[in-house]
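Enquirer: coords below, sequence missing:
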């Protein structure tokens, strides 16, 4: 009596459990096929028991799966597959067709040996539906990625924020200290920005900032780091770029900004920027000095009448400036 | 560093049992891969978890980054096994194990597969399963295993071991084996972690093993 109840309970559990269960012998003939497998595959156990697994399901990865079974027969040891590496074994529909975002049921599988007299006579496979976990994991990964992106960006312009630029500045400066060559920094800000804000309102001020951000982005290389450093102040890190080349980059940005217009309700507004350029020098041992030097050059461009590019005046910069009568830089550096 | 609470006899017995177990594990892996597999003579050592980092470093003596998996085992004695792997020779092993090339990121039916991840999890399972099953077989126990879970890839040994708070086990049975497959030096190391309670049960099982000699 109690034994028959036990075996009926086993049958009930096999029927109702929300885990796929099947088993094969050494010739891959199916010995077990529970309700979960019947419902998901659409094949009744009466159709598949005694049949070869691969005849019933020609789309299974046969070479791989046979090796997997063989390792259990040989080693008498369980083996596993994870959705993280192989999303599924059987192409089953899952229970979240609308909210899912993944095409097929994600599955974790365990291959367990049945050992009789020291030999593995069958391998039982359990298939666990881990679609919910897989979806949650993917959502989490996407959210982390979005947060990571948001944490380094300025919301108004989409440029990098000051914190990220400072991190990159330290990194790039160390790289320059190791590898030598060139490393330059450009600082620029919008001329008479306060007046623009006061006259036309903050909305127009925001448009001006966005317009400058777009103009600057269009003039830079992939490796350059463009950030919004303060209200109307911007910074560009230019790895592997000499002072002279950085000057030309600054000049291109200045020109591009001056060519653009910010549309107003009546008419439009032309904006200009002042630009300071500095390069890393062997005598400096902190990255902050580079920013201070670019800022000092920016101040010089302001003092010189705005809408112009100025170089920080030491070392190579000085040499360039001393030749300013014949050098193209002479036209703008006053 | 002392191997408390093992007596000299128990330690010898454990070394002997481990030797036999690893020999069997190597033979089974060789049959599966149909190639020559050598497992180094295992070095066995029991340490308190707070000495683990130092002990592992002196045993393994490597500095390159590693991939680590964890896997629970459970019978009378239970614990957690950690495998440390690098993926040198992964392409060769993948073909030997699955009959498919490691190249590409999908199976024949176009299902996306992370083959390197799959391979490393499999090797971790093979090594843990073969070694611990063979070892426990000698003392009449049949462990069952949970699925291998990734601890991390490209880890430094320190990332894994420098934080004793992360390891909730009290003692670690270090079994260092070096897996060498065909001409390739595929490095894999096995660490097992157990509670003091399980270590006591292991001692009892070793006594029973010694009494039956």
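Expert: Yes, it's here. Because the structure is a prediction, the values reported are computed rather than measured.

Enquirer: what about residue A:222, is that helix, strand or coil?
Expert: coil (DSSP: H, G, I helix; E, B strand; the rest coil).

Enquirer: and whichever helix in chain B runs longest, what's buried?
Expert: Longest helix in chain B by number of residues, with DSSP state H as the criterion: helix B:8-33. Residues of helix B:8-33 classed as buried: B:10, B:13-14, B:16-19, B:21-22, B:24-26, B:28-30, B:32-33 (neighbour count, 16 or more other Cβ atoms under 10 Å in any protein chain shown). In short, each C-beta sits where N, CA and C put it, glycine included.

Enquirer: can you give me the strands in chain A?
Expert: Taking DSSP state E, the strands of chain A run over residues A:19-24, A:30-33, A:79-81, A:107-116, A:119-129, A:183-190, A:225-228, A:233-239, A:261-263, A:268-270, A:273-279, A:309-311.

Enquirer: for the longest one, packing partners?
Expert: This points to strand A:119-129. Packed against strand A:119-129, as judged by 3 or more Cβ pairs under 8 Å, 6 or more residues apart in numbering or on different chains; DSSP states H and E, are the following elements: strand A:19-24, helix A:62-75, strand A:107-116.

Enquirer: the last one now?
Expert: Here strand A:309-311 touches helix A:243-259, strand A:273-279, helix A:287-303, helix A:315-322, going by 3+ Cβ pairs under 8 Å, 6+ apart.

Enquirer: for chain B, find the nearest of the ones you listed.
Expert: Nearest of the helices and strands packed on strand A:309-311 to chain B, taken as Cβ to the nearest Cβ: helix A:287-303 at 26.8 Å.

Enquirer: identify all contacting residues around the closest one.
Expert: The contact list for helix A:287-303 (Cβ atoms under 8 Å, 6 or more residues apart in numbering or on different chains) reads A:169-170, A:172-173, A:183, A:185-189, A:191, A:235, A:274-280, A:284, A:308-314.

Enquirer: strands along chain B, start to end?
Expert: Taking DSSP E as the test, the strands found in chain B are B:37-39, B:43-48, B:66-74, B:78-85, B:144-145, B:149-155, B:171-176, B:179-181, B:188-194.

Enquirer: including distance to chain A, could these go into JSON lines?
Expert: Formatted as JSON lines, the strands of chain B follow (distance: least, Cβ to the nearest Cβ, whole Å):
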{"stretch": "strand B:37-39", "distance to chain A": "12"}
{"stretch": "strand B:43-48", "distance to chain A": "21"}
{"stretch": "strand B:66-74", "distance to chain A": "9"}
{"stretch": "strand B:78-85", "distance to chain A": "13"}
{"stretch": "strand B:144-145", "distance to chain A": "6"}
{"stretch": "strand B:149-155", "distance to chain A": "8"}
{"stretch": "strand B:171-176", "distance to chain A": "17"}
{"stretch": "strand B:179-181", "distance to chain A": "14"}
{"stretch": "strand B:188-194", "distance to chain A": "14"}
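
Enquirer: turn those strands into CSV, including mean neighbour count and mean pLDDT.
Expert: CSV is the format used below for these (neighbours: other Cβ atoms under 10 Å in any protein chain shown; pLDDT from 0 to 100):
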stretch, mean neighbour count, mean pLDDT
strand B:37-39, 19, 78
strand B:43-48, 19, 80
strand B:66-74, 20, 89
strand B:78-85, 22, 85
strand B:144-145, 17, 91
strand B:149-155, 14, 83
strand B:171-176, 23, 76
strand B:179-181, 22, 74
strand B:188-194, 23, 80
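
Enquirer: columns distance to residue B:205 on top of those strands, output as JSON lines?
Expert: Shown next, in JSON lines, are these (distance: least, Cβ to Cβ, whole Å):
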{"stretch": "strand B:37-39", "distance to residue B:205": "22"}
{"stretch": "strand B:43-48", "distance to residue B:205": "14"}
{"stretch": "strand B:66-74", "distance to residue B:205": "14"}
{"stretch": "strand B:78-85", "distance to residue B:205": "13"}
{"stretch": "strand B:144-145", "distance to residue B:205": "17"}
{"stretch": "strand B:149-155", "distance to residue B:205": "27"}
{"stretch": "strand B:171-176", "distance to residue B:205": "13"}
{"stretch": "strand B:179-181", "distance to residue B:205": "26"}
{"stretch": "strand B:188-194", "distance to residue B:205": "12"}
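
Enquirer: returning to that earlier point: just name the most buried of the helices and strands packed on strand A:309-311.
Expert: strand A:273-279 (a mean of 28; mean count of other Cβ atoms under 10 Å in any protein chain shown).

Enquirer: what is that strand packed up against?
Expert: Counting contacts by 3+ Cβ pairs under 8 Å, 6+ apart, strand A:273-279 is packed against strand A:183-190, helix A:243-259, helix A:287-303, strand A:309-311, helix A:315-322.

Enquirer: among the contacts of helix A:287-303, which ones are buried?
Expert: A:169, A:172-173, A:183, A:185-189, A:191, A:235, A:274-280, A:284, A:308-313.

Enquirer: which helix or strand in chain A has the lowest average pLDDT?
Expert: helix A:315-322 (a mean of 48; mean pLDDT, DSSP states H and E).

Enquirer: same question for chain B.
Expert: helix B:157-161 (a mean of 68).

Enquirer: any residues touching stretch A:168-180, and which ones?
Expert: A:160, A:182, A:183, A:185, A:225, A:237, A:239, A:280, A:286, A:287, A:290, A:291.

Enquirer: oops, could you answer that again for stretch A:54-70 instead?
Expert: Applying Cβ under 8 Å, 6+ apart, the contact partners of stretch A:54-70 are A:24, A:28, A:30, A:41, A:43, A:47-48, A:53, A:79, A:81, A:89-91, A:111, A:123, B:32, B:97-100, B:107-109, B:111.
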